[in-house]
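Chemist: I'd like to go over a predicted model; first the sequence, then the structure.
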Amino acid sequence: MTLLASTAVSAQQWGDPPLPAGKDPETPSWPPRERLALWPGRPPGGPAQPIALDWTMNGPTGGRQLWVRGVETPEINVFRAPEPDGSAVLVIPGGGYDFVSVQSEGLEIADFLNTKGTTAFVLTYRLPGEGWTPCHLAPLQDAQRAMRLIRAKASTFGIDPERLGVLGFSAGGHLAADLTVSHGQRVHDAVDAVDSLSARPAFSGLIYPVATVQPGASHGGSRDKLLGPNPSQPLADARSPLRHITGETAPTFLVHAIDDDLVPVANTIDWLAACRAAEVPCEAHLYSEGGHGFALRAPKDSSASQWGEMFARWMRKHGG
């Protein structure tokens, strides 16, 4: 994934106050005041050296968005709906496993879900290239732990733990897909009673997802960041969610633009085919135009701008 020119905003510890809007009018207030660390101590497989948290605004004027790197303390960032109906979604932003796109694929998604009565939890997860071992499991460890922690505190958040789903974008779509098929895989030692709870999503939304890390079929940048150089075939197979769809896989909602030049649309088409073969409920929306990374920012006259409303209706029928 090509990174655009960036302007540094801040580098703080998670315990500091949220990042205030500065001179750049597009700078959001981040993180929210209600947020929760995933792990009671240091996450598993910690790097030997501290990681410097980096928040940067990236992109051209009129389209900037906040990216996060250096996640040493992964968190769920809580966005409560004004009129909650008990449904909840773990939102996983993308970023090619090189950064976390917390604005367009996190904050803006959470705001939208809140208008539908859904409580949203935006995940800031560890990036595999920042010294974690094993690097390919760190994001999945965080995603599993997030689902379990949300369920453990369901009464505090005012949600129904059986109505908790996941919504992921791009590389975050890979992580959401991996969680969907590998929620029961033991990827870290239990640290407390939370880890006895289920990490299975009731439903899954995969938006222009990286569904496989097989050579020639994936987004190369995401694959290289997650698996490192020259991964073995068994490792690539293990972290290719597309290969692990079964009849027990959660219902899935898919979105992709056919002209996506970063993540091949075949990732979505093949997921749909695998779900049909396994008799898993699945709905897919393919758009002729949209490129990659449009989230909820597609032009209003574009059909790709409607997927959010469609997802909100769909999830009500499939556990949300």
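Modeler: Received, thanks.

Chemist: Show me the helices in this protein, by range?
Modeler: 108-115, 138-152, 154-157, 171-182, 220-227, 233-238, 266-278, 307-317 (DSSP state H).

Chemist: worst average pLDDT in those?
Modeler: Comparing mean pLDDT across the helices of the chain, the weakest is helix 220-227, with a mean of 84.

Chemist: From what I see, Ala36 and Thr73 are in contact.
Modeler: Not quite, residue 36 is Leu, not Ala. No: with contact defined as C-beta atoms under 8 Å, Leu36 does not reach Thr73; the gap is 10.4 Å. All C-beta atoms are positioned from the backbone trio N, CA, C, and that covers glycine.

Chemist: Next up, the contacts around Arg35.
Modeler: By C-beta atoms under 8 Å, 6 or more residues apart in numbering, the contact set of Arg35 is Trp14, Glu75, Ile76, Asn77, Val78.

Chemist: Can you tell me which residue is spatially central in this structure?
Modeler: For the chain, the residue nearest the mean C-alpha position is Ile92 (1.6 Å; C-alpha atoms, centre = their mean).

Chemist: Quick one: residues contacting it.
Modeler: Counting by C-beta under 8 Å, 6+ apart, Ile92 has contacts Leu123, Tyr125, Ala143, Val166, Leu167, Gly168, Phe169, Gly172, Gly173, Leu175, Ala176.

Chemist: okay, now the second one: neighbour count?
Modeler: Each residue near Tyr125 was counted by other C-beta atoms under 10 Å, and the total is 27.

Chemist: For it, grab phi and psi.
Modeler: phi -110, psi 160 (degrees, to the nearest 10).

Chemist: ok, it touching Ala143?
Modeler: Yes: using C-beta under 8 Å, Tyr125 is in contact with Ala143, at 6.6 Å.

Chemist: does Val91 really touch Leu164, like I thought?
Modeler: No: Val91 is beyond contact range of Leu164, at 11.7 Å (criterion: C-beta under 8 Å).

Chemist: Residues that sit against both of Tyr125 and Ala143, list them.
Modeler: Ile92, Leu175.

Chemist: which non-adjacent residue is nearest Thr180?
Modeler: Ser204 (4.5 Å; C-beta to C-beta, 6 or more residues apart in numbering).

Chemist: and what of Gly205?
Modeler: Using C-beta to C-beta, 6+ apart, the nearest residue to Gly205 is Leu167, at 3.9 Å.

Chemist: Over to Phe294?
Modeler: Ala304 is the one closest to Phe294 (C-beta to C-beta, 6+ apart), at 5.8 Å.

Chemist: show me what contacts that neighbour?
Modeler: Val255, Ala257, Tyr287, Glu289, Gly290, Phe294, Ala298.

Chemist: What's the local residue count around the fifth one?
Modeler: What that stands for is Gly290. 22.
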